[in-house]
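A.B. asks: my questions concern the predicted model and sequence given below.
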Amino acid sequence: MIARIIEWSARNRLLVLLGTVAAIAYSVHVLGVIRLDALPDLSDTQVIVYSRWDRSPDILEDQVTYPIVSSLLGAPKVKAVRGFSDFGFSYVYVIFEDGTDLYWARSRVLEYLSKIQPQLPQGVRTELGPDATGVGWVYQYVLRDREGKHGIEELRSYQDWTLRYALQSVPGVAEVASLGGYGQQVQITVDPNRLAAYGLGTRELADAVRRSNDESGGRVIEWSGAEAMVRVRGYARDVADFEQIVVKVGPGGVPVLLRDVARVAWGPEIRRGVADFDGLGDHVGGIVVMRHGENAKNVIQRLEAKLVEIEASLPDGVEVVTTYDRSVLIDRAIETLKHELTIEMIVVSLVILLFLWHVPSALVPILTIPISVLLSFIPLYYFGVTVNIMSLAGIAISIGVLVDGAIVEVENAYNRIHLWQGKWLGRENLSAGEREERRREFFHVRLEALKEVGPSVFFSLLVIAAAFLPIFALVDQEGRLFKPLAWSKNLAMALAALLAITLDPAMRMMFARIDPFAFRPRWLARLATGAFVGRYYAEEEHPISRVIHRIYEPICRWTLRHPKSVIGGALLLLVLSLPMYVRLGSEFMPPLNEGTILYMPTTLPGLSVTAAQELLETQDRVLKSFPEVETVHGKAGRAETSTDPAPFSMMETTVVLKPPSEW
């Protein structure tokens with residue numbers, strides 16, 4: 001079967017080459033749409049149930065968190081359910097088994113949540129967190145007002161009601177969480193003495209505000225051929241509207257207004273998180289959370305394009321400053337690996353060229369390397385594997401093996417042609433029939449040489465690929481980290497095996513069409529050290545092989561004469577290396593220099609918002625004082641998202657460094 005495929009490819013080389021060119025063109029297209037990230041996503045399949053209720057943590061734990069956790073324990077494929085209660089907030093994390101589809105998991109959580117929601121206390125607002133993973137925070141920004149024309153509450157309103165929705169409309173964005181500043185609300189400060197004088201209670205006051213701040217509709221009145229809608233207007237829009245609310249009718253029909261018993265004014269909403277920028281004080285910003293399974297690089301590019309689009313609509317004097325951009329890490333990781341891959345391919349190509357000492361023969365394995373690498377992205381795309389540092393590492397470690405098949409085929413053909421060449425040496429004045437016979441023999445020798453080793457090459461490459469199959473048995477974080485490497489390694493090897501019986505024979509037959517007798521010692525042959533282009537050297541005459549044989553042969557003969565000494569020495573080296581192996585360090589993740597530092601100190605629990613703001617600003621001013629620092633964006637407490645349950649005692653500061661050339 002394999003021999004027939006090789007023969008078909010050799011006889012239809014133009015068709016094989018055109019098919020390869022089409023596949024390469026498609027792989028270039030795939031490179032533009034395949035998911036890119038710096039590291040594999042190691043997070044579990046997780047669904048967050050987020051509840052809000054203005055009660056203490058112990059009440060939330062008993063009446064909200066515990067009922068939700070207990071109701072979700074029986075959901076299918078659930079591995080663990082964890083609950084966390086804070087003042088006014090409840091978080092339930094539902095962890096599913098590895099490999100569970102996220103949207104299937106979300107639908108199951110909604111199904112089980114619908115059973116428990118009617119049993120929760122009145123006023124509890126429950127929702128699912130965004131369809132994102134634990135590494136979904138891909139972009140952060142702040143709104144900077146250089147001229148000081150706008151208050152912090154104005155910027156927060158712009159962020160909440162304009163900018164957030166504009167960015168959330170970008171494809172691939174699951175959520176935009178507001179951070180810093182505070183939302184405005186109408187605050188009613190009751191005077192207890194006046195309330196008692198009018199014989200009112202706080203419950204009556206709250207009911208009156210609730211009833212008055214409402215609008216209802218009536219029926220339709222038809223008048224002179226037109227209709228008029230009847231409605232009762234009661235929607236309060238500003239402080240004056242609230243002050244006019246009637247809370248009670250006194251003696252003689254005199255109304256008691258809200259302003260008679262309370263003071264009404266705009267005020268800040270309660271905050272469970274504060275932010276700072278460069279130690280300059282409170283700044284409004286946002287965190288962009290990427291949707292599960294999206295291409296982080298493309299999402300960030302679309303975000304930046306959207307920010308450019310809405311730049312003209314920003315408030316006067318306000319600009320959006322990027323404080324974290326994961327695409328920088330992605331670009332650096334991909335560029336580093338591309339650089340290393342390029343160097344590796346060049347080194348392997350030079351070694352092949354040096355040892356074969358024949359350009360047409362060396363072209364086959366040299367071209368096989370980039371073609372195998374490019375084509376491997378097609379199955380990676382369809383298997384849903386993200387291109388990251390681990391998947392590219394799988395390609396990197398397989399580059400040397402990718403060309404093994406091509407080298408074996410080329411060397412076998414090289415030697416066969418050399419042996420056949422001796423039959424015709426010295427015979428220059430050939431008749432037309434002899435030249436045709438020599439041409440047919442040349443084709444036959446090349447084809448038989450390829451068919452001789454082709455099947456063995458094909459299966460040997462598949463055996464090498466099978467060595468990585470146990471990695472697919474890894475589960476949880478280990479599996480999510482190393483499976484991309486195994487996928488890319490195995491797919492690249494499988495493609496190399498396929499190319500070894502299709503493209504390599506076609507190229508070998510194509511590049512070997514030059515008559516080996518056409519380059520006698522002329523000026524081009526002399527320039528190429530005596531037939532670098534056309535002549536086939538015997539193994540014992542090869543310039544490189546002669547040197548290697550001089551070094552290798554004495555060592556090999558001594559080893560064969562002293563087998564016990566060699567084995568004993570190898571065992572001794574193995575024993576001596578064991579203490580060093582035990583003392584070697586180990587890391588689960590490869591070290592990365594992102595150019596951005598996440599500084600996360602913690603302080604005493606129960607910290608107030610004012611103290612947290614002061615500590616954050618002081619810390620950020622110190623960090624900003626270092627000349628290597630570009631920007632400092634600090635956060636204490638939580639952002640307005642269910643993916644951030646941090647208390648005030650936990651600070652997260654993103655420090656973006658300048659390029660090392662500016663240090």
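C.D. replies: Everything's here; your move.

A.B. asks: lowest-confidence helix or strand of the protein?
C.D. replies: In the chain, the helix or strand scored least confidently by mean pLDDT, DSSP states H and E is helix 523-527, which has a mean of 39.

A.B. asks: for the nearest residue to K77 once chain neighbours are set aside, give me its contacts.
C.D. replies: Residue nearest to K77 in three dimensions, not counting chain neighbours: E97, with 4.7 Å by C-beta to C-beta, 6 or more residues apart in numbering. (Each C-beta comes from the backbone N, C-alpha and C, glycine too.) Going by C-beta atoms under 8 Å, 6 or more residues apart in numbering, E97 touches T45, K77, V78, K79.

A.B. asks: hang on, the first one packs against R106?
C.D. replies: In this case it means T45. No. Using C-beta atoms under 8 Å, T45 is not in contact with R106; the gap is 9.7 Å.

A.B. asks: buried ones in the lengthiest helix in the chain?
C.D. replies: For the chain, the helix with the greatest residue count under DSSP state H is helix 432-466. Under the neighbour-count criterion of 16 or more other C-beta atoms under 10 Å, helix 432-466 has 438, 442, 445-447, 449-451, 453-455, 457-458, 460-461, 464-465 buried.

A.B. asks: low-confidence stretches in the stretch 451-600 of the chain?
C.D. replies: 511-542, 588-590 (pLDDT under 70).

A.B. asks: centroid-wise, who is the farthest residue in this structure?
C.D. replies: Centroid-distance maximum for the chain: G252 at 71.9 Å, with C-alpha atoms, centre = their mean.

A.B. asks: return the backbone torsion pair for that residue.
C.D. replies: Main-chain dihedrals, G252, degrees, to the nearest 10: phi 80, psi 10.

A.B. asks: G273 now?
C.D. replies: Torsion angles, degrees, to the nearest 10, at G273: phi -160, psi 140.

A.B. asks: how many residues are close by the nearest residue to it once chain neighbours are set aside?
C.D. replies: Counting by C-beta to C-beta, 6+ apart, G637 is the residue found nearest to G273 once chain neighbours are left out, at 3.4 Å. If you count neighbours by other C-beta atoms under 10 Å, G637 ends up with 24.

A.B. asks: looking at it, G637 is touching A612, isn't it?
C.D. replies: Yes. Taking contacts as C-beta under 8 Å, G637 lies within contact range of A612: 6.4 Å.

A.B. asks: mutual contacts of those two, please.
C.D. replies: Residues touching both G637 and A612 (C-beta under 8 Å, 6+ apart) are V274, F648.

A.B. asks: wait, E652 touches P601, no?
C.D. replies: No. E652 lies out of contact with P601 (C-beta under 8 Å); the separation is 9.2 Å.

A.B. asks: overlap of the contact sets of those two?
C.D. replies: Residues touching both E652 and P601 (C-beta under 8 Å, 6+ apart): there are none.

A.B. asks: more neighbours: those two, which one.
C.D. replies: For E652 and P601, the more surrounded residue by other C-beta under 10 Å is E652, and the numbers stand at 19 against 13.

A.B. asks: gap between the more buried one and L374?
C.D. replies: 40 Å (C-beta to C-beta, to the nearest Å).

A.B. asks: same question for N388.
C.D. replies: N388 is 18 Å from L374, by C-beta to C-beta.

A.B. asks: more neighbours: these two, which one.
C.D. replies: Just comparing N388 and L374: by other C-beta under 10 Å the higher neighbour count belongs to N388, 23 against 19.

A.B. asks: contacts only, for the more buried one.
C.D. replies: Per C-beta under 8 Å, 6+ apart, neighbours of N388: L36, D37, A38, L39, P40, A333, P484.

A.B. asks: dump the residues you listed to TSV, plus distance to A265 and neighbour count.
C.D. replies: As requested, those are arranged in TSV below (distance: C-beta to C-beta, whole Å; neighbours: other C-beta atoms under 10 Å):
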residue	distance to A265	neighbour count
L36	50	19
D37	48	25
A38	48	22
L39	49	19
P40	52	22
A333	52	22
P484	57	27
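
A.B. asks: so of the residues you listed, which ones are in helices?
C.D. replies: Filtering those for helices - DSSP H - leaves A333, P484.

A.B. asks: make a markdown table out of the contacts of N388 and add distance to Q619.
C.D. replies: Shown next, in a markdown table, are the contacts of N388 (distance: C-beta to C-beta, whole Å):
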| residue | distance to Q619 |
| --- | --- |
| L36 | 33 |
| D37 | 30 |
| A38 | 27 |
| L39 | 27 |
| P40 | 32 |
| A333 | 29 |
| P484 | 37 |
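
A.B. asks: what's the closest of the contacts of N388 to D207?
C.D. replies: D37 (53.3 Å; C-beta to C-beta).

A.B. asks: ok, the closest one touching D331?
C.D. replies: No. Counting by C-beta under 8 Å, D37 stays clear of D331, with 11.3 Å between them.

A.B. asks: overlap in contacts of these two?
C.D. replies: In contact with both D37 and D331: K297, using C-beta under 8 Å, 6+ apart.

A.B. asks: re the thing from before, now, the contacts of E97 that are in strands?
C.D. replies: Under the assignment DSSP state E, these contribute V78, K79 to strands.

A.B. asks: would you point out the most distant pair within the contacts of E97?
C.D. replies: Largest pairwise distance in those, by C-beta to C-beta, is 10.1 Å, between T45 and V78.

A.B. asks: shared neighbours of these two, anything?
C.D. replies: Common neighbours of T45 and V78 (C-beta under 8 Å, 6+ apart) are I95, F96, E97.

A.B. asks: please narrow those residues to those residing in strands.
C.D. replies: I95, F96.
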